[in-house]
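Participant: please work out how this folds:
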Amino acid sequence: MSYKLKREHPFTKQVTVYKFIVNKANDGTPFTQLKTELQSLFEKNLDVPPIKITEHLSIKCRNIHTHNDKLLVFLSWYEDILDIPTTKIGAKDEINEESVENADICHLFISVKDNIIWAFATLSSQQIHSKVTKALTSLLPYNQLKVSFDVDNDYAATIMNEKVKHIAIESSIDMCALGFPKRNFMSRLLRKEVGSQDIQPFGTLIIDSSSNVKVVNEIENHPNAALEYIAEDEENLDKNIYIVTKKNRKIDGESLKKRKLFYLMPYGKTKTVSWADAKNLLSENFD
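Facilitator: Prediction:
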């Protein structure tokens with residue numbers, strides 16, 4: 001086996017595989033032709049032109065593989081000015097001796113079945129929701145796709161059973177935006193506490209039934225939908241958002257996402273994972 005459920009040498013590369021649901025944004029129905037359309041696109045021409053993200057940043061399909069009813073895809077983000085992938089197309093996992101370390105910025109490995117995606121990223125594993133969404137909407141002629149984190153139903157049940165005490169949003173605080181002038185006592189006190197005027201004070205916004213009963217009721221009555229948006233907002237806004245139940249159980253955005261943790265062998269100079277190991281992992285564990 002090329003992966004483990006627990007860290008043990010040489011399986012020291014931790015990857016978190018997230019589950020996504022792809023629907024049509026206009027009516028919310030499942031986009032069941034996702035796997036078929038991606039497979040048709042890549043099988044016609046694996047060397048699909050790179051997707052331009054910025055002036056110098058592109059996404060390119062490095063490899064594909066079909067396994068029963070799944071399509072497995074390897075995408076990489078790289079700098080156009082280097083134009084030397086860490087892993088070459090068809091290289092059979094051999095590192096190019098002429099490659100530049102960290103030429104690839106992100107490796108994204110995805111498994112597609114109907115409208116269900118399991119995905120993980122290496123090199124840069126942050127904001128995977130944004131990466132999956134950008135790849136799909138750029139590759140396919142649809143700009144009305146909605147990619148959502150699947151929600152862990154155990155947490156939804158917990159919220160329905162225990163009810164919501166409050167929602168907390170942790171972020172830096174702009175004292176001027178709160179109405180305090182720069183030379184106000186509170187502003188000076190908080191800046192002194194963090195030790196620098198260049199660092200914004202950090203605080204927590206609490207939303208409970210006394211301040212917004214509609215929000216709290218919405219989360220209690222429709223926890224799956226609410227948790228989906230909280231998980232996406234936490235990633236996209238780069239803030240910590242969590243729900244505290246009336247039994248003081250704290251549920252953060254990361255916990256809300258349906259995900260599985262594995263350990264693979266680090267691969268190459270950049271400590272990514274090999275395409276062979278990624279294929280093996282995604283082929284065996286996600287139905």
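Participant: quickly note the distance from the closest residue to Met1 other than its chain neighbours to Ile64.
Facilitator: Distance criterion C-beta to C-beta, 6 or more residues apart in numbering; nearest residue to Met1, sequence neighbours excluded, is Asn280 at 7.8 Å. For every residue, glycine as well, the C-beta is placed using N, CA and C. Distance from Asn280 to Ile64, counting by C-beta to C-beta, to the nearest Å: 15 Å.
Participant: which helix or strand contains the residue nearest to Met1?
Facilitator: helix 275-285 (DSSP states H and E).
Participant: tell me the mean pLDDT for that helix?
Facilitator: Mean pLDDT, computed over helix 275-285, is 93.
Participant: cool, and stretch 69-81?
Facilitator: Stretch 69-81 carries an average pLDDT of 87.
Participant: so for whatever helix or strand Glu232 lives in, mean pLDDT?
Facilitator: Per DSSP H and E: Glu232 is located in helix 223-237. Averaging pLDDT along helix 223-237 yields 75.
Participant: which other helices and strands contact the following helix or strand past that helix?
Facilitator: Toward the C-terminus, helix 223-237 is succeeded by strand 240-245 as the next helix or strand (DSSP H and E). Contacting strand 240-245 under the criterion 3 or more C-beta pairs under 8 Å, 6 or more residues apart in numbering; DSSP states H and E are the following elements: helix 153-162, strand 164-172, helix 223-237, strand 250-252, helix 253-256.
Participant: rebuild these as TSV, extending it with mean neighbour count and distance to Ser209.
Facilitator: Output for these, formatted as TSV (neighbours: other C-beta atoms under 10 Å; distance: least, C-beta to C-beta, whole Å):
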stretch	mean neighbour count	distance to Ser209
helix 153-162	16	14
strand 164-172	17	8
helix 223-237	19	14
strand 250-252	17	17
helix 253-256	20	21
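Participant: in the stretch 1-150 of the chain, which spans are strands?
Facilitator: Secondary structure of the stretch 1-150 of the chain (DSSP state E, counting those that start in this stretch): strands at 3-4, 13-24, 51-52, 57-67, 70-79, 104-113, 116-122, 145-149.
Participant: may I have stretch 211-227 as CSV, with CA atoms only?
Facilitator: Extracted in CSV, the C-alpha atoms of stretch 211-227 (Å, rounded to 0.1, in the frame of the first residue of the first chain):
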residue,chain,number,x,y,z
SER,A,211,-28.3,40.2,18.8
ASN,A,212,-29.6,38.3,15.8
VAL,A,213,-32.2,35.7,16.4
LYS,A,214,-32.8,35.1,12.7
VAL,A,215,-29.2,34.0,12.0
VAL,A,216,-29.2,31.7,15.0
ASN,A,217,-32.6,30.1,14.1
GLU,A,218,-31.5,29.6,10.5
ILE,A,219,-28.4,27.7,11.6
GLU,A,220,-30.5,25.6,14.1
ASN,A,221,-33.2,24.8,11.5
HIS,A,222,-31.0,24.3,8.4
PRO,A,223,-27.5,23.3,9.8
ASN,A,224,-26.3,21.6,6.6
ALA,A,225,-26.8,24.7,4.5
ALA,A,226,-25.5,27.0,7.2
LEU,A,227,-22.4,24.9,7.8
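Participant: poorly predicted segments of this structure, please.
Facilitator: 44-47, 81-102, 143, 172-202, 236-238, 287 (pLDDT under 70).
Participant: ok, residues contacting stretch 258-273?
Facilitator: With contacts defined as C-beta atoms under 8 Å, 6 or more residues apart in numbering, stretch 258-273 is touched by 2-8, 10-19, 86-87, 93, 95, 99, 101-102, 104, 107, 109, 122-123, 149-152, 274, 277-278, 281, 285-286.
Participant: which one, of the helices and strands packed on strand 240-245, ends up nearest to Leu145?
Facilitator: When these are compared by C-beta to C-beta, helix 223-237 sits nearest Leu145, at 14.0 Å.
Participant: the closest one to strand 145-149, inter-axis angle?
Facilitator: Put simply, helix 223-237 runs at 100 degrees to strand 145-149, going by axes from the mean of the first three to the mean of the last three C-alpha atoms, to 10 degrees.
Participant: identify the residues contacting helix 223-237?
Facilitator: 127-130, 148-149, 151-153, 155-157, 159-160, 171, 218-219, 239-241, 243, 251-254, 256-257.
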